[in-house]
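*Asks:* structure of the sequence below:
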Amino acid sequence: MRTRLSQQLPLLLFVILFAFGLIACDDSWRRGKPDGSWTSVDPLSIPIEKRSQEFRKGNLVANPSFEKGNLLNNDTSQNALKIENWEFVGNNIEWVRETEDNNFRTDGDYVVKISQSLASENDTNGCGILSGYIPVIPGNYELWMSLKLSNISNPESRLGSKVYRTINIRVQYFDKNKKEVSPLIEYPYTQSKIDAGFKGYGFSNFWAIDSMPWVRYFAHSYNYPFSEGDIPDGTSFVRIFIGLKGNGTLWVDNVDFHYSKWNFTPLERIDSLQQKSMSAYDLLLPTPKIITNKEPLQINNKTSIAIVTDKEAKKPLIAGIELLEKQLQKLNTQVEVAVLNQMPENDSLYRLIFGFQQQKLTGNSVYNPQGYSIRCYGTTNKHIQVTSYDAIGLYYAAGTLVQLTDTINHIFFAADIEDWPDFTGRSFLLASWNDSAELKNDFDNMQRMSLLRFNKAYVGYGQTRNRKDWYQPDDLYKDGVSKIGEWCKTTETCQLAVMVNPYYHFEYEMKVSEMSDSLKNIWLHNENGMKTLTDVFKLSLDAGATTIMLMADDFVPHEKNYRKLYSLWSDEDRQMHPTLAHAQAYMINYIYNWLQKNYSDTRFEFCPPWYLNEFIDKSRGMADAYFDELISSIPKDIAIIWTGNTVRSLAIDEVDLQRFEQYSGRIPMLWDNTLYARSLDGIYGGYPAYYPEKSVLCNLFEPYDVILPQKFQTMNDGGHLYVNGSSSTEIYKIKYATLADYLWNTTTYNPETSLWKVLVKWYGTTNASTLIHFNDTYFKIVRYLRMSEFKGEDPNKYARSIDKEKSILDATFNDLPNESRITVLKSELQDIVDKLEQRIADVKIMKAGTGKEQI
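*Replies:* Reported below is the predicted structural model:
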C-alpha cells in the first residue's frame with residue numbers, strides 16, 4: 001500500500017532481508033544464471049540476493065528534492081545556477097523556494113519551476129530537467145514525484161488536441177555502454193508495443209489544465225493489465241526527464257525512483273514474519289489506532305467477572321455484550337459472568353469488571369462516530385471502562401475485548417485503546433444466491449463480517465441464479481432480502497444495501513441494431529419503467545435497506561460500430577429523451593423524489609455507463625457531453641460511482657481522482673475491483689493471463705494491496721468505499737479481513753503483515769505457513785502451464801518441473817490438518833487443486849495432439 005511509503009519500506013525491507021536468508025536455498029539452481037539471462041518479465045530469473053540488494057537501496061535518485069545546488073549572486077535564473085545531479089534541457093527553468101502554498105509538499109525549501117508560453121508545435125523534447133545516470137537491474141520499478149501545474153495546454157491546440165504528451169515525463173533507458181535502449185515494451189493484451197519510456201499518461205487525456213495544486217503523481221505509461229514499471233531487457237542505466245512540451249507552468253519536487261515489491265513472490269515478501277512471535281495485541285483485527293499494553297490477568301476458577309451496562313442498552317451493545325459474555329464463559333468452566341445494570345456497591349467482589357457507557361463527548365477524535373475508548377484500571381483487580389460516542393462503537397469495543405480474551409491459556413490481555421475508523425462506510429458483497437444453501441451461508445456469515453467492522457451488506461444485481469429478468473424478483477431473492485434485512489434490523493450492527501441494474505436484461509454492451517423489438521421494449525425510461533424499478537427497490541427498502549445503488553454499467557446498449565458509444569435503443573425513448581443523459585437524469589430524479597417521499601434517509605448511489613477514466617477517454621467525446629448534461633440535472637447529494645483509471649485500478653493517484661471529479665462534479669465513491677485482479681485469468685486477466693512468468697507474484701489469499709493516496713478516506717463520498725467480490729467463500733473472507741484492516745486504519749496498514757495476521761489468527765501459525773507455501777507452489781505450476789497455454793511453448797519443456805511442483809503441492813496440502821477451523825478452507829483448496837489437475841491434463845492432451853511425447 002503506497003499510502004505510507006516511508007512507513008512501509010522498513011517493514012517490507014525486513015521481510016525481504018529475511019526472505020533472502022530463508023528462501024535463497026530454494027532458488028539456488030538460479031544463482032548460476034549469467035546476468036544476460038535476467039529479464040524483467042521473470043522475477044525468478046534474477047537471484048533473490050540481487051533483487052534484495054536493489055530493493056534495499058530505496059530511492060535511487062540523487063538530490064531528489066533539489067535541495068543541493070549552487071547560486072551565483074543570489075540569482076536563481078537558469079544561467080546562474082546548477083542543481084546537483086540534474087541537467088537543464090531548454091530554457092525557462094528556475095530553482096525557487098516554495099513556502100507560501102497551503103498545499104505545499106516538500107522535504108525541503110526548493111522546487112524546480114518550468115515555464116513556457118509560446119511552445120513550438122514541432123518541439124520534440126520541450127524544456128525540463130534531466131537526472132544523471134542511475135544504475136538499474138532488470139525488474140520492476142516505481143516512479144513518483146510531487147507536481148503542481150498551471151495553465152497547461154497542448155501547443156497543437158489548433159488541432160483540437162488534448163494534453164497528450166505536453167507533460168513530458170520520461171524514463172530513458174541505456175545499456176551498459178550508455179547507449180540508448182528502445183523504450184518499446186510488448187503489451188500482450190493488444191499484441192502491440194507501448195512506449196514505456198513515456199510516464200505522463202495520467203495527464204494525457206485532460207483537454208487542458210487550468211490549475212492543479214500539489215499532487216503526488218504515480219508516473220506511468222498505461223493502466224492494468226499492462227505491467228507498469230518493467231525495465232526493458234538489456235537496460236543497465238536510466239535517466240529521468242521531467243518537463244513541458246507545451247504551454248504552462250510545472251513545479252516539480254520529491255522525485256522517487258525505486259525497485260518495487262513486485263519483484264518478489266508472496267512467500268519472499270511474507271516468509272520472515274514466521275520468525276516473529278505474534279501476541280494477542282499484534283493479532284487484533286482491525287489494528288487499533290492507539291494501544292498501550294497493560295499487565296495481563298490470569299483467569300482461574302476463583303475469578304469473578306461482571307459486565308455492567310445501562311438499563312436501556314441499545315441493540316448493538318446488547319449484541320456485543322452477548323458475544324463478550326460467551327467468550328468470557330469459555331475461560332473456565334467454573335467462572336461465573338454476571339451481567340449488571342449498575343456498578344456493584346462493593347466492586348471488590350469482582351476481580352474483573354467491564355463497564356460500558358455511551359457518551360457524546362467532544363474534543364477528542366476517539367469520540368467520532370463508531371469510535372470507542374477502552375481504559376484499564378487496577379492491577380490485582382481490573383476495571384475495564386469502555387466508552388463510545390454511539391452504540392455501534394460499544395459493539396466494536398466488545399469485539400476488541402473478545403479478541404483480547406485468550407480462552408486457551410485463560411488470560412485476559414488488558415490494554416488502553418483509543419480507536420475509530422478512517423472509512424465510515426465499509427461494505428461487502430453478498431453471494432449471488434444460486435440456491436438456498438448460499439443464502440444460508442450468507443446469513444450465517446453476517447456476524448463474522450460485522451465483527452470485522454463491515455457495516456453495509458450489498459445485495460448485488462444478477463441475483464439468484466444470475467437471472468436476467470431483474471424486473472421479476474423470484475422467491476429466493478425475496479427471501480434473501482427479507483432474512484438479511486431482518487438480521488440487520490435485529491442487531492443494528494450492519495445495514496442492508498441493494499444494487500439494481502435496469503439494463504441487465506441486455507447482454508454486455510449490445511449493439512442496438514442487433515436487438516429484437518421484444519427485447520427493446522422490456523424496460524424503458526418512462527413512467528411504467530420507473531414503476532417497475534421502484535417496485536424492485538421497494539422490496540429491499542421495506543426490508544430495511546438504507547442504501548440503494550442504481551447501476552448503469554456494462555449493459556447499456558451502444559450504437560454504430562463502437563462499443564463505448566452508449567445510447568438509447570427504442571423510438572419511444574428517443575421521442576421522450578433527446579439523449580441518454582436526459583433519460584438517465586429523468587430516471588435518477590424520479591427515484592430520488594420517490595425516496596424523499598417514502599424513504600427519506602436512504603443513501604443514493606449511481607454508477608454511470610462511463611464509470612472510469614479510460615472509458616471516458618475512449619468515448620470519442622460522448623462521455624464529456626453526457627456528464628455535462630447529467631451532472632447539471634441531478635441532485636448534488638447523489639454519490640457517483642467510479643472504479644478509478646481503469647476497471648481494476650491497482651494504482652490510483654490524486655491526478656486520476658481530480659480528472660474524474662471534473663466529470664462527476666463531486667468527490668466520487670470508489671468501486672474497487674482489485675481483490676482478484678492480479679491472479680485473474682482469461683481475456684481480462686492479470687499476470688497469469690498475459691505475463692505467465694509473473695504468475696509467481698500472485699496470491700490465492702491476495703490481501704488488499706492497492707496504491708492509493710494518503711488520507712484516501714477523505715477522497716471518497718462520505719468516507720464510503722465498495723470493494724467487489726462475494727464474501728461467501730473462506731478465501732474471500734481472508735481477503736476481506738485484510739480489507740477491513742485497511743478501511744479501519746489506513747495509516748499503519750501493511751498488506752503482508754495484515755495477511756499473515758489473519759492467517760495466524762484464524763488457522764494458527766503452522767497452518768498459516770503451510771498456506772503460504774501452498775500458494776507459492778501452486779503459482780509455480782500455473783506459471784509453467786501458462787507458458788504452454790499462452791506462449792505456446794513445448795509442454796515437454798516443463799514436464800519435470802510440473803511433476804516436481806505438483807508432488808510438493810500435494811504434500812503441502814496434506815500437511816493441512818483436518819481441524820474444524822480450517823475444514824472449509826481446505827475444501828476450497830481441494831477444488832482449486834482439482835481444477836489445476838484438469839489444466840495439467842488439458843496440456844497433456846494438447847501435447848498429444850502434436851504427436852510428441854506427453855508430459
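*Asks:* low-confidence stretches in the stretch 201-350 of the chain?
*Replies:* 333, 346-347 (pLDDT under 70).
*Asks:* ok, the residue lying closest to residue 789 once chain neighbours are set aside - contacts?
*Replies:* If the residues on either side of it in the chain are set aside, residue 789 comes closest to residue 843, at 7.0 Å by CB to CB, 6 or more residues apart in numbering. For the C-beta atoms, the positions are set from N, CA and C on the backbone; glycine is no exception. Taking CB atoms under 8 Å, 6 or more residues apart in numbering, we find residue 843 in contact with 785, 788-789, 795, 855.
*Asks:* quick one: the residue nearest to the spatial centre of the chain and residue 253, what's the gap?
*Replies:* When CA atoms, centre = their mean is applied to the chain, the residue found nearest the centroid is residue 706 (4.2 Å). Distance, residue 706 to residue 253, by CB to CB, to the nearest Å: 24 Å.
*Asks:* swap in residue 779?
*Replies:* Per CB to CB, residue 779 is found 39 Å from residue 253.
*Asks:* the more surrounded of these two?
*Replies:* residue 779 (25 against 22; other CB atoms under 10 Å).
*Asks:* next SSE after the helix or strand encompassing that one?
*Replies:* Using DSSP states H and E, the element containing residue 779 is helix 765-789. Where DSSP H and E defines the elements, the next helix or strand beyond helix 765-789 is helix 799-814.
*Asks:* report the buried residues of that next one.
*Replies:* Going by neighbour count (16 or more other CB atoms under 10 Å), the buried part of helix 799-814 is 799, 802, 805-806, 808-809, 812-813.
*Asks:* try stretch 633-644
*Replies:* The neighbour-count check on stretch 633-644 (16+ other CB under 10 Å) flags 634, 638-644 as buried.
*Asks:* ok, these vs residue 132, which is closest?
*Replies:* Closest to residue 132 out of the buried residues of stretch 633-644 is residue 644 (33.9 Å), distances taken as CB to CB.
*Asks:* tally of neighbours for the spatially closest residue to that closest one that is not a sequence neighbour?
*Replies:* Among residues not flanking residue 644 along the chain, residue 652 sits closest, at 4.6 Å (CB to CB, 6+ apart). For residue 652, the neighbour count with other CB under 10 Å is 26.
*Asks:* just say helix, strand or coil for residue 693.
*Replies:* helix (DSSP: H, G, I helix; E, B strand; the rest coil).
*Asks:* identify the residues contacting it.
*Replies:* By CB under 8 Å, 6+ apart, residue 693 lies in contact with 39, 41-45, 783, 787.
*Asks:* now residue 667
*Replies:* 661, 715-717.
*Asks:* the residues you listed: which two are farthest apart?
*Replies:* Greatest spacing in those, by CB to CB: 661 and 716 (11.6 Å).
*Asks:* quick check: neighbours shared by these two?
*Replies:* Going by CB under 8 Å, 6+ apart, residues that sit against residue 661 and also against residue 716 are 667-668.
*Asks:* settle it for me: which of these two has more neighbours?
*Replies:* Neighbours were counted for residue 661 and for residue 716 using other CB under 10 Å; residue 716 has more, 20 against 15.
*Asks:* and the more buried one, how far from residue 746?
*Replies:* Applying CB to CB to residue 716 and residue 746 gives a distance of 11 Å.
*Asks:* pretty sure residue 173 is touching residue 235, no?
*Replies:* Yes - between residue 173 and residue 235 there is a contact at 4.4 Å, judged by CB atoms under 8 Å.
*Asks:* need the overlap of contacts for those two.
*Replies:* The contact sets of residue 173 and residue 235 overlap at residue 181 (CB under 8 Å, 6+ apart).
*Asks:* returning to what we had before: got the buried residues for the helix holding residue 779?
*Replies:* 767-789.
*Asks:* cool, and stretch 831-843?
*Replies:* 832-833, 836, 839-840, 843.
*Asks:* ditto for stretch 651-669
*Replies:* 651-660, 663-664, 667-669.
*Asks:* my read is residue 392 is in a helix, agree?
*Replies:* Yes - the assignment for residue 392 (three-state DSSP) places it in a helix.
*Asks:* look up the closest residue to it, ignoring the ones flanking it.
*Replies:* Using CB to CB, 6+ apart and skipping residues adjacent in sequence, the residue nearest residue 392 is residue 316, 4.7 Å away.
*Asks:* ok, residue 735 next?
*Replies:* Using CB to CB, 6+ apart, the closest residue to residue 735 is residue 675 (4.9 Å).
*Asks:* the one you found contacts residue 704, doesn't it?
*Replies:* Yes - with contact defined as CB under 8 Å, residue 675 counts as touching residue 704 (6.9 Å).
*Asks:* and of the buried residues of helix 799-814, the nearest to residue 55?
*Replies:* Of all the buried residues of helix 799-814, residue 55 sits closest to residue 805, with 25.8 Å by CB to CB.
*Asks:* name the next helix or strand downstream of the worst-scoring helix or strand of the chain on mean pLDDT, please.
*Replies:* Ranking every helix and strand in the chain by mean pLDDT, DSSP states H and E puts helix 28-31 at the bottom, with a mean of 40. Sequence-wise, the next helix or strand downstream of helix 28-31 (DSSP H and E) is helix 48-56.
*Asks:* pull out the buried residues from that following helix.
*Replies:* Applying 16+ other CB under 10 Å to helix 48-56 flags 48, 50-52, 54-55 as buried.
*Asks:* residue 55 reaches residue 263, doesn't it?
*Replies:* Yes - under the criterion of CB under 8 Å, residue 55 makes contact with residue 263 at 7.1 Å.
*Asks:* next one: residue 228 from residue 143, what distance?
*Replies:* Taking CB to CB, one finds residue 228 at 10 Å from residue 143.
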